[in-house]
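Asker: Fold the following for me, if possible:
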Amino acid sequence: MSHELDKLRSIISLDSELNKIQDEDILLERILLEARRVVGADAGSIYVVQDGHLVIKYAQNDTLQSALPAGQKLIYKIFTVPLTSDSVSGYAAVTGEPVNIDDVYQIPEDTPYRFDSSYDRLSGYRSSSMLAVPLKTNTGDIVGVIQVINKCGEGEDTDPFNHDDEMLVLHFASNATVALQRAQMTRAILLRMIRMAELRDPKETGPHVNRVAGYSVELYDAWASRRGIPRDEIDRTRDSLRMAAMLHDVGKVAVSDTILKKPGRFTEEEFLVMQQHTWQGARLFSNRQSNFDELAQIVALNHHENWDGTGYPGWVDYETGKPLEPADGNGAAGRGKKGEEIPIFGRIVSIADVYDALLSRRVYKEPWSETETLDELRSLQGTKFDPELLDIFFEILPSIRTITDKYLREE
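Answerer: Model (predicted):
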């Protein structure tokens, strides 16, 4: 009994932690991790209800992860499940009740749902015990499903999830749903800001900024892990960085339509006007209230700086756009920031933004192939891009591709 009380206390203490996470994706990943930890599950998935389907947002699997090289993340296939009672997760969502199965390969024939074994066949994994719990609001609406798989037993054995496990995850899911609703509201506000920018610049779409944000978080995570930055600091920064990266070009609302929507090359004068979107975006976060505001300002101001110092806007007062004479001697008026003078978050978003822009269709170009895009990034290593960060980008390319697939479906 004391062990179960300890678990319950742990869940209650998580409430305040989850409520500190503002970004929807970061929160979903954490919810799944903690749900698995509470009941000792080896694997699991988390789904969100979208357009009449359950869309998988994250999948985790300790057994498969342990077989990968250090630093490499598990890659999972992005897929959707119809919001019907035919599948385990679908049944939990439709009925609003948990589904607890001792062995998914021994489901009785008269049961209304079935287990899809295709993932097991593709991955070489063997699912057995499974617990699917709906994420239900206080008004009874289902916003998603947590599905945990294979409760770890003695040695390599798998145990069934018991009634206490079911109650613990239900309690956790109830609290997590409140945090998720708040994070979804925050995401909706950010996307409204993006749509406002999209009215001015058709390139600033929701899928584009979500991809740039996703790439940026993966790149930061790998870079920070290499440097031994504590995990709790990485997690806090990932949350703020993802939202900040979504708003990297929000300053374009201050640029003329004539320039933003021009299909051809800019004149020198037009390009100088376009450059103003960096410091104009930074101005929006002048009255900083949080770590997010600080990162959003850094990203907006610095994501067009180049490693070799040829970028923009350089050393400027972000309130006026006028060149600065830095008192500390780290920069000079009239030139771009160079090397590590560029904040790390600006260097990260620069790679993410260019990668996605090259892969995407624009009014002035067709999308480049992945091979062409990667070749171009390599050609800019050490001139436009931080050499170390670009090496890390190529190391985590499988994770980058997963993000591309995830958000291409929204276009």
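Asker: Contacts only, for Tyr215.
Answerer: When contacts are counted by Cβ atoms under 8 Å, 6 or more residues apart in numbering, Tyr215 touches 351-352, 355-356, 400, 403. For the C-beta atoms, the positions are set from N, CA and C on the backbone; glycine is no exception.
Asker: Which of those residues sits closest to Leu27?
Answerer: Lowest distance from Leu27 to the contacts of Tyr215 (Cβ to Cβ) belongs to Ile403, with 16.7 Å.
Asker: Can you tell me the element the residue nearest to Ala213 when sequence neighbours are not counted falls in?
Answerer: Excluding its sequence neighbours, the residue lying closest to Ala213 (Cβ to Cβ, 6 or more residues apart in numbering) is Ala245, at 4.1 Å. According to DSSP states H and E, Ala245 maps onto helix 231-246.
Asker: Packing partners of that helix?
Answerer: helix 24-39, helix 163-200, helix 206-226, helix 291-302, helix 344-359 (3 or more Cβ pairs under 8 Å, 6 or more residues apart in numbering; DSSP states H and E).
Asker: List the buried residues for the fourth one?
Answerer: Neighbour-count burial for helix 291-302, counted by 16 or more other Cβ atoms under 10 Å, picks out 292-293, 295-302.
Asker: Serialize those to a markdown table and add fields for distance to Gln184 and pLDDT.
Answerer: Putting those into a markdown table (distance: Cβ to Cβ, whole Å; pLDDT from 0 to 100) gives the following:
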| residue | distance to Gln184 | pLDDT |
| --- | --- | --- |
| Phe292 | 16 | 92 |
| Asp293 | 21 | 93 |
| Leu295 | 21 | 96 |
| Ala296 | 19 | 95 |
| Gln297 | 25 | 96 |
| Ile298 | 26 | 97 |
| Val299 | 22 | 97 |
| Ala300 | 24 | 96 |
| Leu301 | 28 | 97 |
| Asn302 | 29 | 97 |
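Asker: which of those residues lies closest to Gly153?
Answerer: Closest approach to Gly153 among the buried residues of helix 291-302 (Cβ to Cβ): Phe292, at 42.0 Å.
Asker: quick one: pLDDT of the closest residue to that closest one other than its chain neighbours?
Answerer: The shortest distance from Phe292 to any non-neighbouring residue, by Cβ to Cβ, 6+ apart, is to Ser240 (4.3 Å). Per-residue confidence for Ser240 comes out at a pLDDT of 94.
Asker: circling back to that earlier point, could you list the buried residues of whichever helix or strand comes after the helix holding Ala245?
Answerer: Toward the C-terminus, helix 231-246 is succeeded by helix 257-260 as the next helix or strand (DSSP H and E). In terms of neighbour count (16+ other Cβ under 10 Å), helix 257-260 has its buried residues at 259-260.
Asker: What helices and strands are in contact with helix 257-260?
Answerer: Short answer (3+ Cβ pairs under 8 Å, 6+ apart): helix 257-260 packs on helix 268-274.
Asker: The helix it packs on: what's the following helix or strand?
Answerer: Beyond helix 268-274 in the direction of the C-terminus, DSSP H and E gives the next helix or strand as helix 276-283.
Asker: Taking their axis directions, that next one and helix 291-302 sit at what angle?
Answerer: Angle, helix 276-283 to helix 291-302, by axes from the mean of the first three to the mean of the last three Cα atoms, to 10 degrees: 160 degrees.
Asker: tell me the angle helix 276-283 makes with helix 163-200.
Answerer: Using the same axes, to 10 degrees, helix 276-283 lies at 130 degrees relative to helix 163-200.
Asker: Show me what helix 276-283 is in contact with.
Answerer: The contact list for helix 276-283 (Cβ under 8 Å, 6+ apart) reads 247-255, 297-298, 300-304, 312-313, 316-321.
Asker: Recalculate using a threshold of 7 Å.
Answerer: With contacts defined as Cβ atoms under 7 Å, 6 or more residues apart in numbering, helix 276-283 is touched by 249-252, 254-255, 297, 300-301, 304, 312-313, 316, 318-319, 321.
Asker: By neighbour count, which of those wins?
Answerer: Counting neighbours by other Cβ atoms under 10 Å, the top entry in those is Ala300, with 28 neighbours.
Asker: what's around the closest residue to that residue other than its chain neighbours, how many residues?
Answerer: Distance criterion Cβ to Cβ, 6+ apart; nearest residue to Ala300, sequence neighbours excluded, is Gly281 at 3.2 Å. Neighbour count for Gly281, taken as other Cβ under 10 Å: 25.
Asker: Which stretches in the stretch 301-411 of the chain count as helices?
Answerer: Secondary structure of the stretch 301-411 of the chain by DSSP state H, counting those that start in this stretch: the helices cover 344-359, 370-379, 387-395, 397-408.
Asker: And the longest one, what does it pack against?
Answerer: Okay, so that is helix 344-359. If contacts are counted by 3 or more Cβ pairs under 7 Å, 6 or more residues apart in numbering; DSSP states H and E, helix 344-359 sits against helix 206-226, helix 231-246, helix 291-302, helix 370-379, helix 387-395.
Asker: Give the buried residues for the longest one.
Answerer: Right, helix 206-226. Neighbour-count burial for helix 206-226 flags 206-224 (criterion: 16+ other Cβ under 10 Å).
Asker: All set, thanks.
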